[in-house]
Structure formats: C-alpha cells, structure tokens
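# Turn this into a structure:
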Amino acid sequence: MKFSMLAIAATALAAGVNGFAGVSVPTKNVAKFGIRESALKMGTAVETDNMAALATAANEARGLAMDSIAAAHSGHMGLPLGAAEVGASLYGSQMTYNPEDPTWINRDRFILSAGHGSMFAYSWLNLAGFDLPMEEVKNFRQHHSMTPGHPEFPNSEHNTPGIECTTGPLGQGVANAAGFAASEKMAAATYNTEDHTIFDHHIFALAGDGCFQEGVSAEAAAFAAHEKLDNLIILYDANEVTLDKMAEYTQSEDIIARYNAYGWETYDIDGHDLAAVEEAISAAKASNNGKPKLIKCNTIIGKGMEETEGTNAAHGEAGVPYVDNAKKNIGLPEGEKWYVSDDTREFFKGVQAKNKAVYDEWQETYAAWSEANPELAKQLEDAVADNVPTAEEMIASIPDLEAGTEATRVSGYTVIQEISKAIPQYVSGSADLHGSTRNYIDGAGNFGAGFDKTYAGKNLYFGIREHAMGSIMNGFAYHGIFKISGSTFAVFVDYLRPTIRVAALAELNRVSYILTHDSIGVGEDGPTHQPVETVSGLRVFPNLDVYRPGDAEETLAAYVSSVTRKEGPTALILSRQNLDQNNAMPAMERREGTLKGAYIAKKETEDLDVIIIATGSELQHALKVAESNAGARVVSMPCMEAFERQSDEYKSEILPASCTKRVAMEAGVSAMWYKYVGTEGKIVGVDKFGMSAPGDIVMKEYGMTPENLAEVIASM
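Okay, here's the model as predicted:
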C-alpha cells in the first residue's frame, strides 16, 4: 500500500520528535507513552505502512471536517482537527465493529461526549465504511440530514448508523459511557457461560475540558471506579481551551490526580503521537484490573490551521476563512473538497475485513451458545428486540391487588415484583433511597463489585448521585439490552432533569423514573422536600409520559405502561402518604382507564352538573365529594400525555363539551389544569411552597380536603 511521503514523514516525526510544535509532553508515563522511537523503526514494513495509513486518514478526516463546517458556515472545528489521531487509532486499529451490522451486540461502543465536535464522528463513520454517504457528510447541519449539529441516537427524526448516543450537554457522555459499561458488565454476567463468551467489548468515550468541569462526570467517575468498570476507557482531549477563554482561566485542578484518587488507571500522552495513542489504548484494553481507564491526550485544538490552532478561536467556525490554506498545509489536494484518497479507502477495507473476521467468529460462538442455551438465547433475543408482553396482556395477567389503604409507593413495591417476573431484562436502582422509594426487586441481587454485589444483580445502588443516575440509566438504554428504572424523591428530580430531557428527545423507552414523596403531603420535612411545581415541570417535556396514580390499581397500570411504551420514557409520581382505594370500581376497569390517561372513576347518577378532575392523592377527595352530589362526574386523570393521544371521540366522551362547570384538584401548581377546566372552571391547587408540619395538617392548610373541594363547587 502506498502513501504520500508527507504522511510517512509526518508519522516518523510524530513518533520520534514530539510530533507537533507547541505540545509539551507530560513527564508522567513518558517512559512508556511519551516521546518514542521513530515509527519507521517499529519492526516491520507492515507496521510502518499502517502508521502511515493512519496518519493519512487523520489528515483526510481533518479535511472532511473543515469542508463540511465551511459549507454549513456553522459547527465546531477545533475537536475534529485536534483529536484526529485519536479517531484514526480508534476506527482504524483499536475498535471492533462491523459497518454492515452497526447494531451488532458485541461491538465496541464509541460515545462523543464533546458532542459539539460532531464532525469528528461523521468523518470517521464515513471513512470506516458505515452507511453514512459523502452526500450526507456534505449536508452537515442541514434540514433532515443524517449529520445533525450534535450527534443524535437513531430515532424518528434521525438515523445515523454508528451514532451510539445523543450528546451535546457536556459531561453527560462520560456518564452515559459509565452506563454502557455497567450494562455490558451486567450482560456478560447474565448471558456468558463457561463455554461461550457473548459479551466482552469495550466502551470508549472522547471528552473535553468542559465535560470534566461539569459535575455529572465526577459523579459518574466515582460510580465507575467504585463498581470496578474496567471495560470503560475515557479519552480526554486535553487541548487546554474552553469557549470563552483558555482553560486555565477557569480550571487549575490536576484531572489526572483527581481520577487517580477516584480509583482509575490513568495515562498521560501526546495525543498527536500515533504510536503513543496506539500503545495507550492497547494497554488500557488489555488491563483487566478492576479500574476504568482515563487517557489524557494532550492535543492542540484546531491542529493544522495555523491561524487559529491552540486558541479558543479554534473552538467554533472562526477558522472557515482559512480552510483552503490549512488543507494545503497538511498535504491535501488544492481545490478538491471532501477529499478521501483511494489508499485510505483501501486501508479501511482492510480494517473492515479484519473486523469482519472477528464478527464471523463471534457469530459461530453465538450459534453454538444459542443451541446449548435455548431459553437464555430467547431471553436475550427478546431483550435486544425489546419484546415484552403488551400492556393489555400484562394487566390481565396480574391478579387484583386487593390493597387496603396504602401509599402508592407501597403499591409500587408490590407491582415492581410482578414487572420483574414478566420482564427478565428489567432492572432498577435508587439514589440511596431504596427504603423510601420502595423499588427494590426482591431476590434479584445487587449490582456491582464487592460486598454482596455481583454484576448479575438487578438492583443498582447509585449513591447520592441523581444526575449521574439519570445519565447512567440513559447509557443502559442506549446499550440496548436492559430496561431500567431509577428512583429518588420527586423534589430531587431537578438534579437529573437534564438527563430526562435527553431521554425524551432520544426516545429512550427503556428508561423510567420512580419519583416518590410527590406533594406537600410529605409533611414534616418541610418545603425543601415538598414538590409543588415538580410534576407540572415534568409534564411540559415533549415525549415524556408523567403518571400520578390515585390508588394501587392505577399504580399497577402506570408501571405496566412504563415498560410497554415504545415511544419514550415515563415518570411515575408516587405518594408517601396512605390513600384510599376506589374499590367501588372493578380493578380491571381502573387499569384499562389508567392506560388511556383518563377515565370516568365515578359516573353521575342524575343529569351531569359538574365534572371533577383529579389525580394522585386528590382522587380520593373527589370521590368522597361525589358521593353526596348525584350530578357530579369524577374523572381520574393520572396521565395527561396518554389522554391526549386518545381519539377525539374518547376525549369527548370523558369530558363532554356540553359541561363547562368543571373543577380540577391536585396538590401542585394549577396552571396546566386550565386546559381541561377552561375559563369558566376552577382549580383547587397549590401555587406556593409548603410548610413544615405533619402531612395531614399541611394538606388541610392548603385546601387539599373534600370539604374545601365541596365549597369550591358550591361557589360555582
């Protein structure tokens, strides 16, 4: 294979004399990963050719990024140029993948945590042979292209093969990667046997200084080290630049020392020295010592564009005017845009052939494993395909709960046991609140390393790390094997709110949230722990179902909906305090009505006079008031979003337009209920923060009683 003399010289220079001016190779690990002997002395001509091929591919990837960003007049040029050697090593040497089967379950995963550098991913996916045509690379950031501004997990809007994760909010990709790694460990423990290994891949993520400044990455790093996720490799694009200023303006900590303290294995290398990058990644992959890996790749942002490289100007598209000159300086043909040489295409055909051989061998192993373990194979196939019983099948298969007066969090504990039996790939975790949120799966074991934990355990202990919990759960969902729920108090959902937004955007139906202590009914803990705006704050998210059930049977249906919904995630809002059961209505009718989002919980016995809409703990008050009002209809509305998806005919049947005398009741802010009561209706809500007192007293003080509801109706 032939490569330009410039590429070969660049390879030798990079390997032998600290590749690019301006990068100071750190003293730590220099003996192993710093300045190296010439790549031309590595041993064989084949190795030399491979290094030259990688160097050529790195420069051509730079060219693709420059041309696409210039064409769009938008985008972030710094990372794709600065981390090109990292991309060459990952896609041209270190990662195992099959572009013809981009969802192969044992492929290595790559997450671009620094999602603003998305042209890095798109350039390498095209070069590596994924079904991302050059025309789509040219359409960067254009309407309905496969190359949106930030990477987007395949969904109803975009399907870009090879994109594993929706990224953009900095730091979340690092935490997502921890979720991928935990899911891979769980899959290996669940499905591998002594005779057959089905899961043994690595998780790679590329992150920048901004990712490490965001606190979510610190939470996830602590979790990953504590649970010994040694299949996780984070590459730190350490270019010392952030958007406003050079990084030193806002950060001075030693990130290597911080990660060593967490319990990670760390490497400190010249990120432009291909030989050093290759050796570091190889060593990280081979090290099964219970430590996740951090490779600090010291790079020059915008490398190759001398007018902006090494400065914060390189972060965005400021380099667009200098693209032609930069391409010329790195040896690309003048005047030719989106240039990829025949040699690079041939080189990646060889990479594909090497990876295909690994893939074919794995397929043989999988076939033998399937034959030897047919039940386990069926379980895995169902998990990957997200095959679960329908909601109708599940609610019919679970006997009546026959619950007494109890909190819906307690009902949830009963229900989650049934969910786990019906869906073997369902797992759950908590941010240090299992005892309160009641989502522990009995007999399923605890996930992790040490103590009583194993990687096959279905109960995850996230610690007091809600933000990381949300991102790790998303990582589980992206990984594509397990369905996962995570719990905390509803008031603390703001700690993980950014991850819920991404889950809804990415249509992650494998994720659900169990949020208990749902209102001022929390009581003595006071206003810091009493959510009033929280539930409505979740309802405004597009593509997030928010269920606030009013009794045990509604809770069962809400859980069932959360694991059978295909379009996106679900939040389950559950009470701390005990609630009455609507036993006057058959359990199955309550379940079926709940799945529709709203239903008639008590029908009027005379001419319809007033419609009372209630949800959660306030349903019991509405039912009590209706006992003495023959013209009152009670509508339970546990999920606005599900109700809105029903036919106009059904919605009119539940809320007939002829009846404008309506009142809604919820122990939360009132604004969203006006859609259902109209301008002539009234709302019994809570539009101020709570107070510290026993829950029943707080509820009474704020008008959450049947007596106050009856007075409001009488005043209409």
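# any idea how far Ala65 is from Gly263?
As judged by Cβ to Cβ, to the nearest Å, Ala65 and Gly263 stand 35 Å apart. From N, CA and C alone the C-beta is placed, and that goes for glycine too.
# can you dump the C-alpha coordinates of stretch 572-581 into PDB?
Below are the C-alpha coordinates for stretch 572-581, written out as PDB (Å, rounded to 0.1, in the frame of the first residue of the first chain):
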ATOM      1  CA  LEU A 572     -44.100   7.500  37.900                       C
ATOM      2  CA  ILE A 573     -45.100  10.000  40.600                       C
ATOM      3  CA  LEU A 574     -46.000   8.200  43.800                       C
ATOM      4  CA  SER A 575     -47.200   9.200  47.300                       C
ATOM      5  CA  ARG A 576     -45.600   8.900  50.700                       C
ATOM      6  CA  GLN A 577     -48.900   9.100  52.500                       C
ATOM      7  CA  ASN A 578     -51.700   6.500  52.500                       C
ATOM      8  CA  LEU A 579     -54.500   6.800  50.000                       C
ATOM      9  CA  ASP A 580     -58.000   5.200  49.900                       C
ATOM     10  CA  GLN A 581     -58.800   2.700  47.200                       C
END
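# And it, how far out from the chain middle?
28 Å (Cα atoms, centre = their mean, to the nearest Å).
# pLDDT on that stretch, on average?
Averaging pLDDT along stretch 572-581 gives 98.
# Which positions in it come out as buried?
Within stretch 572-581, the residues scored as buried using 16 or more other Cβ atoms under 10 Å are 572-577, 579-581.
# swap in stretch 343-361?
343-344, 347-348, 351-352, 355, 359.
# chain center to it: distance?
The mean C-alpha position of stretch 343-361 is separated from the chain mean by 30 Å, Cα atoms, centre = their mean.
# That one - what's its average pLDDT?
On average, stretch 343-361 scores 98.
# can you check stretch 317-330 too?
For stretch 317-330, the per-residue pLDDT averages 91.
# More neighbours: which of Ala65 and Gly263?
Ala65 (30 against 15; other Cβ atoms under 10 Å).
# Is it correct that that one falls within a strand?
No: under DSSP: H, G, I helix; E, B strand; the rest coil, Ala65 sits outside any strand and is assigned helix.
# tell me the contacts of the residue nearest to Thr660 when sequence neighbours are not counted?
Distance criterion Cβ to Cβ, 6 or more residues apart in numbering; nearest residue to Thr660, sequence neighbours excluded, is Glu680 at 4.7 Å. By Cβ atoms under 8 Å, 6 or more residues apart in numbering, the residues touching Glu680 are 660-662.
# what about Glu680, which SS state?
coil.
# Now do stretch 605-612: distance from first to last residue.
14 Å (Cα to Cα, to the nearest Å).
# pLDDT (mean, whole number) over it?
The model assigns stretch 605-612 a mean pLDDT of 98.
# again, but for stretch 536-552
98.
# Go through that stretch and flag the buried ones.
536-539, 541, 543-552.
# closest to Leu619 among those residues?
Within these, the smallest distance to Leu619 is 3.1 Å, found for Gly550 (Cβ to Cβ).
# Who are the contact partners of that closest one?
Taking Cβ under 8 Å, 6+ apart as the test, what Gly550 contacts is 408, 579, 582, 601, 614-620, 636, 638.
# Next, work out how far apart the closest residue to Gly335 other than its chain neighbours and Lys566 are.
Nearest residue to Gly335, sequence neighbours excluded (Cβ to Cβ, 6+ apart): Asp324, at 7.9 Å. The span separating Asp324 from Lys566 equals 48 Å under the rule Cβ to Cβ.
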